[in-house]
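J.: Give me the fold of what follows.
(one chain, ligands or ions: 1)
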Amino acid sequence: MFKPIAAASINLKAIPQRALYTGATMPAIGLGTFGSDRVSAAQIAEVVRGAAAAGYRHFDCASVYGNEPEIGRVFEEILRNGIKREDLWITSKLWNDKHDDVIASCRQSLADLRLEYLDLYLIHWPFPNFHPPGCDVTSRSPDARAYIHEEYMRTWRKMEELVGTGLVRHIGTSNMTIPKLKLVLRDARIKPAVNEMELHPHLQQPELFEFVVKNGIQPVGYCPVGSPGRPERDRTPDDTAPTEDPVIVRIARDHGIDPAVVCIKWAVQRGQTPIPFSVHHYRTNLEGVMRDPLTDEEMRSIAAIDRNCRLIKGQVFLWKEGQTWEDLWDVNGEITPP
Ligand SMILES: NC(=O)c1ccc[n+]([C@@H]2O[C@H](COP(=O)([O-])OP(=O)(O)OC[C@H]3O[C@@H](n4cnc5c(N)ncnc54)[C@H](OP(=O)(O)O)[C@@H]3O)[C@@H](O)[C@H]2O)c1
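T.: Have a look, this model is predicted:
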């Protein structure tokens with residue numbers, strides 16, 4: 001049973017907030033809800049219930065995570081038991097095989113989540129490329145395609161329509177690059193409020209981070225602690241773990257906190273909005289951002305440990321033989337041609 005908000009151990013008003021260009025505010029830390037193919041939908045729904053009781057008000061959902069119906073039952077319960085809808089920030093995402101079916105997909109997420117509107121709806125990936133849940137790294141769709149801007153904008157127009165009809169309050173992008181975002185900013189009638197991107201001390205993406213901030217877009221950071229539980233398909237021998245970095249470990253020791261909490265505090269203080277997933281540490285993570293800030297010196301030492309180490313490389317979205325995952329990320333500064 002959901003415990004009333006009064007049981008929350010933290011002062012909800014003290015949770016840092018981000019002001020979006022629309023004037024809306026979004027809690028500067030959210031709870032991720034992707035179970036990495038190993039935590040069940042029922043377990044994650046339990047975590048959402050516990051996290052709401054602990055004080056979380058921002059939840060990062062997606063249809064492809066396969067748990068929106070279970071999470072929706074919890075949202076219904078917590079709204080019935082005293083949390084106001086306007087105090088929640090709920091994100092969902094359009095999956096890759098639904099780029100031509102935006103309105104129906106959004107309505108499905110709303111029905112599953114038992115909500116009348118979403119605070120934020122994202123295009124999950126810029127490629128309309130399907131990969132089956134739980135697939136391995138060699139999986140490819142025969143219909144996979146490159147980023148085609150005209151097609152993306154057709155999808156974006158439907159996203160804009162969702163704002164017009166009130167089903168969605170904000171729309172945003174995810175897994176984008178600077179050249180792709182430049183085109184979207186040129187052509188959008190409603191500019192993205194948020195860009196969701198991988199961000200942790202070993203992948204700081206300073207250029208993209210600065211680009212989105214300069215353009216009034218809020219960066220939301222996924223895998224903020226380096227996703228130690230990510231699926232096998234997202235692991236390569238060269239990957240590094242930010243929580244094992246000696247600088248993070250030292251700062252954690254100095255503050256008497258988990259290295260993961262250092263990563264989350266760094267994210268909030270740097271200006272992005274981390275969305276850590278956690279079954280066992282969600283309370284610690286929220287409490288961690290509320291107290292004992294990192295010093296300027298500590299923030300500078302973390303800035304110096306970037307390794308450009310991307311963990312979620314997205315290989316399953318490649319569309320041609322002979323490509324490498326870097327082709328998905330426009331590393332030469334230009335959109336990789338079809
Ligand atoms: N837009 C996209 O394409 C995209 C891609 C990937 C992820 N996401 C979103 O981002 C969210 C977060 O990413 P993620 O789940 O991959 O990675 P993550 O949040 O970096 O890592 C989650 C893992 O870290 C552990 N952890 C969290 N806090 C900890 C602490 N204080 N001490 C020790 N371990 C801790 C958790 O363990 P316990 O469970 O044991 O606490 C869990 O195994 C996802 O759930 C999803 O909502 C979006």
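J.: contacts for the helix or strand where residue 171 lies?
T.: Secondary structure from DSSP states H and E places residue 171 in strand 168-174. Identification of contacts with strand 168-174 by CB atoms under 8 Å, 6 or more residues apart in numbering yields 20, 22, 24, 93, 106, 117-126, 156, 159-160, 162-163, 181, 184, 190, 192-197, 217, 220. Any C-beta I mention is one placed from the backbone N, CA and C, and that applies to glycine too.
J.: Then stretch 63-75?
T.: Looking at stretch 63-75 with CB under 8 Å, 6+ apart, the contacting residues turn out to be 2, 33-35, 41-42, 44-46, 48-49, 52, 59, 61-62, 88, 90, 92-96, 98, 105, 108-109, 111-115, 124, 133.
J.: among those, which ones are buried?
T.: 2, 33-35, 41, 44-45, 48-49, 52, 59, 61-62, 88, 90, 92-96, 98, 105, 108-109, 112-115, 124 (16 or more other CB atoms under 10 Å).
J.: so of those, which ones are in helices?
T.: The helices in this structure, assigned by DSSP state H, contain 41, 44, 45, 48, 49, 52, 105, 108, 109, 112, 113 from those.
J.: What residues does the stretch 1-150 of the chain have near the ligand?
T.: For the stretch 1-150 of the chain, the residues in contact with the ligand under the definition CB under 6 Å from any ligand atom are 32, 33, 34, 60, 124.
J.: Over to the stretch 151-300 of the chain?
T.: 174-175, 196, 222-230, 258, 260-261, 275-281, 284-285.
J.: next one: the helix or strand containing residue 302 to chain centre, how far?
T.: When elements are defined using DSSP H and E, residue 302 is found to belong to helix 296-303. Offset of helix 296-303 from its chain centre (CA atoms, centre = their mean, to the nearest Å): 24 Å.
J.: Ok, stretch 33-48 next?
T.: Relative to the centre of its chain, stretch 33-48 is centred 15 Å away, using CA atoms, centre = their mean.
J.: Pull up the distance across it, start to finish.
T.: Its first and final residues considered, stretch 33-48 spans 8 Å by CA to CA, to the nearest Å.
J.: go on, stretch 294-307?
T.: End-to-end span of stretch 294-307 (CA to CA): 21 Å.
J.: picking that back up, pipe the ones in helices among the buried ones among the contacts of stretch 63-75 into JSON lines and attach distance to residue 143 and pLDDT per row.
T.: JSON lines is the format used below for these (distance: CB to CB, whole Å; pLDDT from 0 to 100):
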{"residue": "41", "distance to residue 143": "27", "pLDDT": "98"}
{"residue": "44", "distance to residue 143": "30", "pLDDT": "98"}
{"residue": "45", "distance to residue 143": "33", "pLDDT": "98"}
{"residue": "48", "distance to residue 143": "34", "pLDDT": "98"}
{"residue": "49", "distance to residue 143": "38", "pLDDT": "98"}
{"residue": "52", "distance to residue 143": "39", "pLDDT": "98"}
{"residue": "105", "distance to residue 143": "17", "pLDDT": "98"}
{"residue": "108", "distance to residue 143": "21", "pLDDT": "98"}
{"residue": "109", "distance to residue 143": "23", "pLDDT": "98"}
{"residue": "112", "distance to residue 143": "25", "pLDDT": "98"}
{"residue": "113", "distance to residue 143": "28", "pLDDT": "98"}
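J.: Nearest to the ligand among these?
T.: Nearest to the ligand among these is residue 44, at 8.8 Å by CB to the nearest ligand atom.
J.: give me every residue that touches the closest one.
T.: Under the criterion of CB under 8 Å, 6+ apart, the contact partners of residue 44 comprise 33, 35, 65, 67, 70, 71, 279.
J.: Count the neighbours of the closest residue to the last one other than its chain neighbours for me.
T.: The spatial neighbour of residue 279 that comes closest, neighbours along the chain excluded (CB to CB, 6 or more residues apart in numbering), is residue 47 at 5.5 Å. Burial of residue 47 is recorded as 22 neighbouring residues (other CB atoms under 10 Å).
J.: Please state the mean pLDDT value computed over the helix holding residue 302.
T.: Model confidence over helix 296-303 averages 98 on the pLDDT scale.
J.: And for stretch 12-30?
T.: Model confidence over stretch 12-30 averages 97 on the pLDDT scale.
J.: starting at the chain centroid, how far to it?
T.: Relative to its parent chain, stretch 12-30 has a centroid offset of 15 Å by CA atoms, centre = their mean.
J.: With stretch 178-197 instead?
T.: Between the mean C-alpha location of stretch 178-197 and the chain-wide mean there is a distance of 16 Å, by CA atoms, centre = their mean.
J.: What's the separation between the residue in the stretch 1-150 of the chain that the ligand sits nearest to and residue 169?
T.: Scanning the stretch 1-150 of the chain for the residue nearest the ligand gives residue 32, at 2.4 Å (criterion: CB to the nearest ligand atom). With distances defined as CB to CB, to the nearest Å, the gap from residue 32 to residue 169 amounts to 20 Å.
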